[in-house]
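> sequence first, then the predicted structure:
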Amino acid sequence: MPFGMNSLSVFLRNHRVHLMFDTLSQLPADPILGLISQFSQDERSQKIDLGVGVYRNTQGHTPILSAVKQAEQMLLTSEHTKAYIGPVGDAVFNRSMAELVLGKQHTALERMTMVQTPGGCGALRVAAELIKRTHADATIWVSDPTWGNHIPLLGDAGVTIKTYPYYNFNDHRLCFEAMFSCLEKVKAGDLVLLHGCCHNPSGTDLNTEHWQALVSLALRKGFVPFIDMAYQGFGEGIDEDASGFRLMCEQLPEVLLAVSCSKNFGLYRERVGAVGVVSAKKAIVESHIASIVRGIYSMPPSHGAAIVAAILSSEILRPLWERELGEMRERIQQVRKELVSSMNTLGAEGQFDHIARQSGMFSFLGLTETAVAALAKDFGIYMVASGRVSLAGLNPSNINTFCGALNKVRLR
């Protein structure tokens, strides 16, 4: 018999029925998703969102790149089927991404297995499942701080997670000596997750000397580097941002990679990424990744990867994409310089200089949670409680407002 809500409640109570989902309790909102909700409910016209990690142009919009639009038009006229593309994904995309991250002449290309995934998140999770299957006792070491979703994505696969020091909040610099000292204790077979460039959330990157020191340490200790490359091209340049990863692949027998096309191609909602493994056991590794994929989501989506493949294999679209990516990179660099200059002019000399030294979309302002809350309450400026800001949310129409509010909160 059909139930209304009232009659259903009476029936369950009278018959003492125990429901499966009664054991669940409400979870707190994700910090970023909760921030989105707060921002959307704020009715002030001058509000500023510095929490969400997506690129925005000078008009505050996340645009579709011209290269992407043109690639989509090509696909619209040339695509002839919607059949599955198989667990490992688009072959042209996989080859093109391997060449993008390694360069077309790199010696490790012949050892690189690249498999398309649903975004960088999918790449991280598939890699975690591969690690668990290969070496169930392995620990993945992640930086402190790291991107907020690293630990859930990797840890929920059942892999042990530990942290190593990375960022000194007092002087806003990399604490490499402490990092290196901690990694000296990592056992053989463990994995060390490193941000390829544009460290999220600190914006503070490793330099060439740091990468080389970590290569030597990995050789000596026997751990495997696991590189998250979510922002290639957003730091110094396409090749420059991949230099640490390329160095490791050149000198080490095994390296893992998770790569995302969300930022540098602007394909956020298309969920385009890839998991890569450099190993002499290329065919064997690919067979296991395909098996893992088959057991999780079976097949990746096609459209976004086809866009990337079309761009990277086109003599016309590739230069256009590189130019557009360069414009995004330069805009973020300019925002960093303008923010520091404005704060210095307002009397905060030296307090925010670290922002100009960093790269990518993120940085820590060095604010207390009380100050962050005051910016939201009094000025409609939203960021995560740690004071991490997405600098892409600043533009010519709001940066002076932001700096003025930041200075007022700083002086309280």
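It's in.

> rest of the way, CA atoms for contacts and neighbours
Noted.

> the stretch 201-350 of the chain: strands as residue ranges?
Using DSSP state E, counting those that start in this stretch, the strands found in the stretch 201-350 of the chain span residues 224-229, 255-260, 272-278.

> what angle separates the last one from strand 255-260?
So that's strand 272-278. 170 degrees (axes from the mean of the first three to the mean of the last three C-alpha atoms, to 10 degrees).

> what is the three-state secondary structure of Lys104?
coil (DSSP: H, G, I helix; E, B strand; the rest coil).

> identify the residue spatially nearest to Val115, adjacent ones excluded.
By the measure of C-alpha to C-alpha, 6 or more residues apart in numbering, the closest residue to Val115 outside its immediate chain neighbours is Val88, 4.9 Å from it.

> does the one you found belong to a helix or a strand, and which?
Using DSSP states H and E, Val88 sits within no helix or strand.

> I figured it hits Ala290, correct?
Yes. Counting by C-alpha atoms under 8 Å, Val88 does reach Ala290; the two are 5.9 Å apart.

> out of the strands of the stretch 201-350 of the chain, nearest to Asp239?
Among the strands of the stretch 201-350 of the chain, strand 224-229 comes nearest to Asp239, with 12.3 Å by C-alpha to C-alpha.

> neighbours of Asp378, how many?
Asp378 has 10 neighbouring residues, counting by other C-alpha atoms under 10 Å.

> element containing it?
helix 369-379.

> packing partners for that helix?
In terms of contacts (3 or more C-alpha pairs under 8 Å, 6 or more residues apart in numbering; DSSP states H and E), helix 369-379 is packed against strand 381-382, helix 399-410.

> can you put those in TSV and add mean pLDDT and distance to Met248?
Shown next, in TSV, are the helices and strands packed on helix 369-379 (pLDDT from 0 to 100; distance: least, C-alpha to C-alpha, whole Å):
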stretch	mean pLDDT	distance to Met248
strand 381-382	96	38
helix 399-410	95	39
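
> closest one to Phe362 among these?
With C-alpha to C-alpha, the closest approach to Phe362 among the helices and strands packed on helix 369-379 belongs to strand 381-382: 14.0 Å.

> so how far is Val275 from Cys197?
17 Å (C-alpha to C-alpha, to the nearest Å).

> and for Glu330?
Distance of Glu330 to Val275, given as C-alpha to C-alpha: 28 Å.

> please say which of these two ends up with more neighbours.
A direct count of neighbours by other C-alpha under 10 Å for Glu330 and Val275 places Val275 higher, at 30 against 15.

> surely the more buried one touches Val126?
Yes. The criterion here is C-alpha under 8 Å, and Val275 meets it with Val126 at 7.3 Å.

> between Val88 and Ala290, which one's more packed in?
Legend: neighbour count by other C-alpha under 10 Å for Val88 and Ala290, higher for Val88 (24 against 18).

> isn't Thr204 right up against Ser359?
Yes. Assessed by C-alpha under 8 Å, Thr204 is found in contact with Ser359 at 6.7 Å.

> quick check: neighbours shared by those two?
Residues touching both Thr204 and Ser359 (C-alpha atoms under 8 Å, 6 or more residues apart in numbering) are Cys198.
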